[in-house]
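Novice: requesting a structural model of the entry that follows:
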Amino acid sequence: METKAPVLLNAVPPYGHVISSDKWRNSSLLQSLKGVKLIFENELGAADFHLPNKSRILYVSECDIIARNSYKRKLVRYRNSNSSSFQMLVLVENTRVSEQYFPAVQKFVAFDLGLTLLPISGQTEASQLLAQMVMKDNPFRRSSSSRLLDPLVLALVQQHFSSIGQLCNASPAELEPIVGHAAAQQIHNFFHKSSSSAAR
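Specialist: Residues are numbered from 1 along each chain as shown. The predicted structure is shown next:
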């Protein structure tokens, strides 16, 4: 008997590539993803995307939240499928329509399940974030020298910045009182490194 599914569940794409669940093939998220090569698979389990930095991503849409489209069961399956070598991220659409439900989703994802939640405004912003994470070092990844994924730090950042766009536009001075000097610099550099090097 062939064991294809477990291999794909732990697959790590090469640099510059994203393994995507086939259900995203014609989505605006992937159509607006620039500079990244896509590999489509049906056997990613509960994850929607695998990144070269050993991150798995699950996308929770505004429709999932409002329709209560069994997103909680999907999140639990996603958390339970974790291999210790992967960082698990959950992208959640936080829009005007879904904002009334967002605190409950945030509590369930971050506190009840212990997963990292990144609020986004939609698929375009998610596409930009994926491109940044694939082409640069990911500041949201845990490492021995980083506190960025400390649940308290993430909770504080999420309370102050309701979307990735707001976090991206935050200056180091705005971030520092929330996460400290080193983390503030690291987060700011993650979002602004290519624009500062292009100006030279």
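
Novice: which elements pack onto the longest helix anywhere in the chain?
Specialist: When the chain is parsed with DSSP state H, its longest helix is helix 181-198. Judged by 3 or more Cβ pairs under 8 Å, 6 or more residues apart in numbering; DSSP states H and E, helix 181-198 is in contact with helix 123-135, helix 164-169, helix 172-179. To be clear about C-beta, it is placed using only N, CA and C from the backbone, and glycine gets the same treatment.

Novice: which one of those helices is the most hemmed in?
Specialist: Counting by mean count of other Cβ atoms under 10 Å, helix 123-135 has the highest mean neighbour count of those, with a mean of 20.

Novice: ok, back up a step: tell me the buried residues in the longest helix of the chain?
Specialist: Going by neighbour count (16 or more other Cβ atoms under 10 Å), the buried part of helix 181-198 is 183-184, 186-188, 190-191.

Novice: quick one: that helix to helix 123-135, angle?
Specialist: Relative orientation of helix 181-198 with respect to helix 123-135: 90 degrees, computed using axes from the mean of the first three to the mean of the last three Cα atoms, to 10 degrees.

Novice: with just CA atoms, put helix 181-198 into CSV.
Specialist: Taking C-alpha atoms only, helix 181-198 is exported to CSV below (Å, rounded to 0.1, in the frame of the first residue of the first chain):
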residue,chain,number,x,y,z
HIS,A,181,13.0,46.9,20.9
ALA,A,182,14.5,43.7,19.3
ALA,A,183,11.1,42.3,18.3
ALA,A,184,9.9,45.7,17.0
GLN,A,185,13.0,46.0,14.8
GLN,A,186,12.6,42.4,13.5
ILE,A,187,8.9,42.8,12.6
HIS,A,188,9.5,46.2,11.0
ASN,A,189,12.5,44.9,9.0
PHE,A,190,10.5,41.9,7.8
PHE,A,191,7.9,44.2,6.2
HIS,A,192,10.3,46.9,4.9
LYS,A,193,13.6,45.3,4.0
SER,A,194,12.9,45.1,0.2
SER,A,195,11.6,48.7,0.0
SER,A,196,14.7,50.1,1.9
SER,A,197,17.1,48.1,-0.2
ALA,A,198,15.4,49.1,-3.4
